[in-house]
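# Sequence and predicted model, in that order:
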Amino acid sequence: MQLHDLVDAVTGDEPPMARTADDIILAGRRAERRRRAGLASAGAAGLVVVAVAGAFLLPTLGAEQGTPAPAGAASSKAGAVEWPEAAPFTFTFKGYDAGTLHVQDPIVASTAYQIASVYSDGHTSNDKPMTKDEVEAQGDIIEQKKEALGAKPSLWAYLTVYRPGAFNPAGIKDGRNVTVAGRKAVQATLPVGLDAQKRPDRGNKLFAWEYADNAWAAVTSYSGDEATPSFEELGGLVEGLKPSPATPARVPFTVGYVPEGYAPLQIGTHAMPGLSGIATARAGDYGGATYTKPAASISGLTAPYDAGEGTIKDGFHIFVTPSTSSNQDPEPGATKCYKVSDRRAGGRGSGGFCNIWSADGNVVLQVSTGGLGNRLPQSELEKIAKGIRVADVMDESSWTPAADALRP
């Protein structure tokens, strides 16, 4: 799933059935001058576009190919803290506070890392969805008045904890090596947009540190205030990161069919998979997964898989959300698929998707190729969707550990 831009919320007379990458990027460019934006994955075809405070663009940091990372326990050189052995799709830490920064429990897990949102007392993090009417009601004039009244600057920040061997600190462009709390660390100012050659923006920061032998964590921060959070404040997260008992990430579904060659990459629990899930962390979604072909490298990373353009060439997504998170009107018990050429499904662009609504219409299962190439025909998307069994979304005890749920 490629997060091409932080973009404006849905525009036009009616919300489209799906959003193409081109539509999203153009909307994002229009939003930059207004210093407000929303985030939509090109892969989340037909899902409501989410407004995220601040007009920031994700960088391309790259992902180098390498040998698989070891899964064994790691100990910190600084404090000899033992981290548990952790298989993919496992959570090994809990949320914690560090001064004005507040790390939440992780909600995204992959073959190489786990991700948690980071909030700040001095900033606004809008990771709840906004409707088209709500966004339009804000308007440029209202935004300007809010800034004049000294409203909190916007912040979108997240902590990625990588498995041993997965992160490559030497791959950070213009990274500065430092030592914090006795740990090796690297800090960098991130570029404004997708092009890593563009000038850095002092409000966009990356701070990474070695939390255990050959294992790194990285906090990524896009702030409306260039000064805060500072690198010193981000460095305050170092000592608070502690291991907790390894807990399998659970998802509210199981798959029954996966096309040959496709492998699970990342999931979201109570969230969509990947950075889309972090950008919509408080949207009330239930879960999701991303598959790729071939399996992505689990070493040499400098950012989550969907932070860079072109990292994922071919794949599909699974989303289980409230029907209110969909641009399509609920059709209880119905199954509907849309081709990319279908104007009702958002017009031109890559990807197609299939929706299956629950019997009461309150929950929608979507399988989408949007943003990940268009190599799967509609018949395969429908076969994947019909093979999925959705659990009771309100009863987490009925959910399945992702490592089991993602394989037929």
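Received the coordinates, thanks. Since the model is a prediction, treat every value here as computed from it, not as a measurement.

# From now on I want contacts and neighbour counts done on CA atoms only, so please keep to that.
OK.

# In this structure, where is pLDDT below threshold?
Applying pLDDT under 70 to the chain flags residues 1-80, 129-150, 192-199, 308-311, 340-351, 371-374.

# So which residues of it form helices?
For the chain, helices defined by DSSP state H occupy the ranges 21-32, 132-148, 231-235, 274-279, 378-386, 402-405.

# dump the residue contacts of residue 364.
Residues near residue 364 by Cα atoms under 8 Å, 6 or more residues apart in numbering: 320, 321, 322, 323, 326, 330, 355, 356, 357, 358.

# In strands only, show me these.
320, 321, 322, 355, 356, 357 (DSSP state E).

# how about JSON lines for these, with distance to residue 257 and neighbour count added?
Output for the ones in strands among the contacts of residue 364, formatted as JSON lines (distance: Cα to Cα, whole Å; neighbours: other Cα atoms under 10 Å):
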{"residue": "320", "distance to residue 257": "16", "neighbour count": "29"}
{"residue": "321", "distance to residue 257": "20", "neighbour count": "26"}
{"residue": "322", "distance to residue 257": "23", "neighbour count": "20"}
{"residue": "355", "distance to residue 257": "16", "neighbour count": "26"}
{"residue": "356", "distance to residue 257": "15", "neighbour count": "24"}
{"residue": "357", "distance to residue 257": "19", "neighbour count": "23"}
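
# Between the residues you listed, which sits nearest residue 246?
residue 320 (24.6 Å; Cα to Cα).

# Wait, that closest one touches residue 363, no?
Yes: the criterion here is Cα atoms under 8 Å, and residue 320 meets it with residue 363 at 7.1 Å.

# how far away is the closest residue in space to residue 275 that isn't next to it in sequence from residue 184?
Nearest residue to residue 275, sequence neighbours excluded (Cα to Cα, 6 or more residues apart in numbering): residue 306, at 6.7 Å. Distance of residue 306 to residue 184, given as Cα to Cα, to the nearest Å: 26 Å.

# of those two, who's got more company?
Taking other Cα atoms under 10 Å, residue 306 and residue 184 do not tie; residue 306 has more neighbours (22 against 18).

# Pull the contacting residues for residue 288.
Listed by Cα under 8 Å, 6+ apart, the contact partners of residue 288 are 251, 267, 268, 269, 271, 272, 273, 317, 318, 319, 320.

# who wins for neighbours among the residues you listed?
Neighbour-wise, the contacts of residue 288 (other Cα under 10 Å) top out at residue 268, 34 neighbours.

# And stretch 112-128, what's buried?
Neighbour counts over stretch 112-128 (16 or more other Cα atoms under 10 Å) mark 112-120, 122-128 as buried.

# how far does it stretch from start to finish?
Start-to-end, stretch 112-128 (Cα to Cα) is 27 Å.

# mind listing which of the buried residues of stretch 112-128 are in strands?
Per DSSP E, strands hold the following members of the buried residues of stretch 112-128: 113, 114, 115, 116, 117, 118, 119, 120.

# Turn these into JSON lines, columns for distance to residue 234.
What follows is these, written out as JSON lines (distance: Cα to Cα, whole Å):
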{"residue": "113", "distance to residue 234": "19"}
{"residue": "114", "distance to residue 234": "18"}
{"residue": "115", "distance to residue 234": "16"}
{"residue": "116", "distance to residue 234": "14"}
{"residue": "117", "distance to residue 234": "13"}
{"residue": "118", "distance to residue 234": "10"}
{"residue": "119", "distance to residue 234": "11"}
{"residue": "120", "distance to residue 234": "11"}
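
# List just the nearest of those residues to residue 280.
residue 117 (9.9 Å).

# Residue 240 against residue 96, yeah?
Yes: between residue 240 and residue 96 there is a contact under Cα under 8 Å: 6.6 Å.

# of these two, who's got more company?
Neighbours were counted for residue 240 and for residue 96 using other Cα under 10 Å; residue 96 has more, 16 against 13.
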